[in-house]
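>>> When you get a sec, could you give me coordinates for this:
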Amino acid sequence: MRHPAPRGFESLEPRLAMAGLVTFADVDGDTVTVRTNRGTDAQLGAALTLAPTGTRGGYQLRQVALGGPVFAGTNLTITARPSAIGGDGQVDVGEIVTALDLGRVTVAGDLGRIIAGNANLATPGVAALTVVSIGQRGTVTGAPNFETVVIGPVPTIRVAGNMVARFAVGGRAADVVIGGSIAGVLENDGFEAGSIGRMIVGGNVFGGSANGSGRVYAYGGGIDRLVIRGDVVGGSGGFSGALGTAGRIGFARIGGSLLGGGNTGSGSVFTGSAGINRLVVGGNIVGGSGTSAGGLQAYGPVGSIAVGGSIQGADGPGSGVVYAAAGLGTIEIGAKLRGGLGAMSGQVVATRIGTLRVDRIQAGDGPESGGVRASSLGTVVVRGDILGSTLQPAIISAVGAATPTGPRAIGSLTIGGSMNNAVVLGGYAAFGLTAVNGAARIGAVVVRGNMTGSSIVAGVENIGAPHPSGLPQFGDGLDVPVAGRRGSRIDSLVVNGLASGSADVLSFSGVLANSIGTVRLGGRPYTVTSAGITPTSPNLQFRLIN
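Residues are numbered from 1 along each chain as shown. All right, here's what the predicted structure looks like:
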């Protein structure tokens, strides 16, 4: 119902410059002022749809429809101030609708949605948008839905509170600040733009039950800088509660945790082939029940990652995983890297990892969960223990180069604590843990505590019965060079504590390669030969495999 001049409007004297100004009382008694710098009072009044409502004779501003060329490029300001009969200093607006580009748009309250912008994608659809919240008040404001579409770029967006809507910018969103949270409800809602410059979310990003709900997404270019001060939480919808781009992310910081949800890719960060320069997570990365839920999926190079807490797998296969298809420079994990119930959960997987530092690595209950896999690993530092079980060993695996001058499978491995029921594999493919490189090399390995029930092998496979976990069972006398090839090597091994086999006498382990350099066990040096060395546990072998 349109009311061009309802009771409560005040008409001002004609002004020298063409401009529109209308006032009315809203539902709780505020005096609302609607102002444009183009058009007339009458033209602006005709653009407003108000519905009588409330108990104080006020109106709900359901729609502002700025039609006609007179409003092209206009600024629009909607403000409120309490009156003698009441008010809270805010005014809620159902929708702003126009096929024109707009200037600065300000709403001192909740805005259900805005549709703006002409067909010229090179000009801003809205020069600047400032509101208290978007979609927070629901349909009570008269919004038919919560799908904002701005055709063309938007240089500045400021939302003081929450965004519970789909906000789509058909171009670049250069500077976006949302003081509250982004909460997903419907499919593909949240915030999206062709590219994003700087974006700050003061609260959380929540996914919902619909696919793609509660997301931040740049569908064309990349994201220069993204800061989420709270958590990113996946929902039950696929890729809900997710941050991503088809392009490159320059810098992304999650102040809280990255938490997977109940469907594929929920609670995740993902990039296209351009990758991400730096990702910082202040809390934990935790998988969910969905496949690949809770983690990073980067299909381009990753410069560096810092996680203040843990990376933890969960029930979903591949959940709680950091995956870098085109390589990872450095990753620092403040606490543990731990597998979950899901297969291959709780892992760091990349074609190449330059440096990895972590407090502890621990296998989970799921097959091949808890570990590190790469085509080549540089420096690996585990400040504490590597812990597995006889059923699920912890895994560090890399392929390495097939030539003596190429990169080692593992440049160096330092374990500040003990190594219990773990396997370190040189020459094995990241997926399927298939032996592929008989010339793989492992650099210096240092275990400052004990080494129990664990294997370190380079370029060696086992042709006997597999371990109960499905992995090869090394050290049972059935170890051979991969594809009969020679040239594998372990440069050195130092175990400051005791080196022993598993407490399960049916489980075997070994330190095996075509060539093994210096070995020190408990402070005593040993020379490894094809016959092995003593002392050793009956089910632990140190041997050259020729």
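>>> element containing Thr355?
In this structure, Thr355 sits in strand 347-362 according to DSSP states H and E.
>>> quick one: contacts for the nearest residue to Asn277 once chain neighbours are set aside?
Spatial nearest neighbour of Asn277, excluding adjacent residues (Cβ to Cβ, 6 or more residues apart in numbering): Gly303 at 4.4 Å. Every residue, glycine included, has its C-beta placed from N, CA and C. Each residue near Gly303 by Cβ atoms under 8 Å, 6 or more residues apart in numbering is listed here: 275-278, 329-330.
>>> for Val482, same thing?
By Cβ under 8 Å, 6+ apart, the residues touching Val482 are 427, 435-438, 440, 459-461, 488.
>>> now with 6 Å?
Residues in contact with Val482 (Cβ atoms under 6 Å, 6 or more residues apart in numbering) are 427, 435, 438, 459, 461.
>>> pLDDT wise, what is the first one at?
Gly427 is assigned a pLDDT of 96 by the prediction.
>>> For it, grab the count of nearby residues.
Neighbour count of Gly427, defined by other Cβ atoms under 10 Å: 30.
>>> One more: the third one?
As a burial measure, Gly438 scores 22 neighbours (other Cβ under 10 Å).
>>> What are the phi and psi values at the closest residue in space to it that isn't next to it in sequence?
Computed as Cβ to Cβ, 6+ apart, the closest residue to Gly438 that is not its neighbour in sequence is Arg485, at 2.9 Å. Arg485 adopts backbone torsions of phi -90, psi 140, taken as degrees, to the nearest 10.
>>> List of residues touching the strand or helix carrying Val132?
Val132 belongs to strand 126-134 when elements are defined using DSSP H and E. Residues from elsewhere that reach strand 126-134 (Cβ under 6 Å, 6+ apart): 102-107, 109-111, 116, 150, 154, 156-163, 165.
>>> Buried among those? Make that a ChimeraX selection.
Buried residues among the contacts of strand 126-134 (16 or more other Cβ atoms under 10 Å), as a ChimeraX selection:
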select :102,103,105,106,107,109,110,111,116,150,154,156,157,159,161,162,163,165
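>>> got a winner among the contacts of Gly303 for most neighbours?
With neighbours defined as other Cβ under 10 Å, the most crowded of the contacts of Gly303 is Ile276; it has 28 neighbours.
>>> quick one: the residue lying closest to that residue once chain neighbours are set aside and Ile331, what's the gap?
Excluding its sequence neighbours, the residue lying closest to Ile276 (Cβ to Cβ, 6+ apart) is Ile249, at 4.1 Å. Ile249 is 16 Å from Ile331, where distance means Cβ to Cβ, to the nearest Å.
>>> Those two: which has the busier surroundings?
Ile249 (28 against 25).
>>> Tell me if I'm right that that one and Gly221 touch.
No - contact criterion Cβ atoms under 6 Å: Ile249 and Gly221 do not qualify, at 10.7 Å.
>>> residue ranges with poor pLDDT in the stretch 51-200 of the chain?
By pLDDT under 70, the low-scoring segments of the stretch 51-200 of the chain are 54-55.
>>> what does the host helix or strand of Gly112 contact?
Using DSSP H and E, the element containing Gly112 is strand 102-116. Applying Cβ under 6 Å, 6+ apart, the external contacts of strand 102-116 come out as 73-80, 90-98, 125-134, 136-137, 141, 143, 146-150.
>>> Direction included, what does that strand pair up with?
strand 76-81 (parallel), strand 93-97 (parallel), strand 126-134 (parallel), strand 147-151 (parallel) (DSSP bridges).
>>> The stretch 351-500 of the chain: strands as residue ranges?
Under the criterion DSSP state E, counting those that start in this stretch, the stretch 351-500 of the chain contains strands at 371-382, 386-387, 394-398, 410-415, 419-420, 422-426, 441-447, 451-452, 455-458, 460-462, 479-481, 489-495, 499-500.
>>> quick one: the fourth one to chain centroid distance?
What that stands for is strand 410-415. Taking Cα atoms, centre = their mean, to the nearest Å, one finds strand 410-415 lying 28 Å from the centre of the chain it belongs to.
>>> Tell me the helices and strands packed up against that strand.
When contacts are defined as 3 or more Cβ pairs under 6 Å, 6 or more residues apart in numbering; DSSP states H and E, strand 410-415 packs onto strand 371-382, strand 441-447.
>>> That strand: partners in the sheet, and parallel or antiparallel?
By DSSP bridges, strand 410-415 pairs with strand 371-382 (parallel), strand 441-447 (parallel).
>>> Let's have the ones you listed in CSV, adding mean pLDDT, distance to Gly282 and mean neighbour count.
Shown next, in CSV, are these (pLDDT from 0 to 100; distance: least, Cβ to Cβ, whole Å; neighbours: other Cβ atoms under 10 Å):
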stretch, mean pLDDT, distance to Gly282, mean neighbour count
strand 371-382, 97, 21, 24
strand 441-447, 98, 30, 23
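>>> need those strands in a markdown table with distance to Ala298, can you?
Converted to a markdown table, the strands paired with strand 410-415 look like this (distance: least, Cβ to Cβ, whole Å):
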| stretch | distance to Ala298 |
| --- | --- |
| strand 371-382 | 14 |
| strand 441-447 | 26 |
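>>> Can you say which of those is nearest to Leu44?
Closest to Leu44 of the strands paired with strand 410-415, according to Cβ to Cβ: strand 371-382, at 62.8 Å.
>>> quick check: angle from the closest one to strand 422-426?
Angle of strand 371-382 versus strand 422-426, following axes from the mean of the first three to the mean of the last three Cα atoms, to 10 degrees, is 100 degrees.
>>> Just the C-alpha atoms of strand 371-382, please, in PDB.
The C-alpha trace of strand 371-382 is given here as PDB (Å, rounded to 0.1, in the frame of the first residue of the first chain):
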ATOM      1  CA  GLY A 371      49.900 -37.500   9.800                       C
ATOM      2  CA  VAL A 372      51.800 -35.600   7.100                       C
ATOM      3  CA  ARG A 373      52.000 -36.500   3.400                       C
ATOM      4  CA  ALA A 374      53.800 -34.800   0.500                       C
ATOM      5  CA  SER A 375      55.700 -35.300  -2.700                       C
ATOM      6  CA  SER A 376      58.700 -33.800  -0.800                       C
ATOM      7  CA  LEU A 377      59.100 -32.600   2.800                       C
ATOM      8  CA  GLY A 378      61.800 -30.200   3.800                       C
ATOM      9  CA  THR A 379      62.300 -29.500   7.500                       C
ATOM     10  CA  VAL A 380      60.000 -31.300   9.900                       C
ATOM     11  CA  VAL A 381      60.100 -30.500  13.600                       C
ATOM     12  CA  VAL A 382      57.900 -32.200  16.100                       C
END
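>>> Could you tell me how far it lies from the centre of the chain?
Its chain's C-alpha centre and that of strand 371-382 lie 21 Å apart, by Cα atoms, centre = their mean.
>>> got it, and stretch 289-299?
Mean-position distance between stretch 289-299 and its chain equals 8 Å (Cα atoms, centre = their mean).
>>> domain assignment for the chain?
Split into domains by automatic domain parsing, the chain comes to 1-139, 162-383, 395-546.
>>> Name the stretch among those that sits most buried.
domain 162-383 (a mean of 24; mean count of other Cβ atoms under 10 Å).
>>> Give the residue spans of the stretch 201-350 of the chain that score low on pLDDT.
In the stretch 201-350 of the chain (pLDDT under 70), no residue qualifies.
>>> related to what we said a few turns ago, which one of the strands of the stretch 351-500 of the chain lies closest to Leu471?
Among the strands of the stretch 351-500 of the chain, the nearest to Leu471 by Cβ to Cβ is strand 422-426 (6.2 Å).
>>> related to what we said a few turns ago, show me what the strand holding Thr355 is packed up against.
Where contact means 3+ Cβ pairs under 6 Å, 6+ apart, strand 347-362 is packed against strand 321-324, strand 328-338, strand 371-382.
>>> This completes my enquiry, with thanks.
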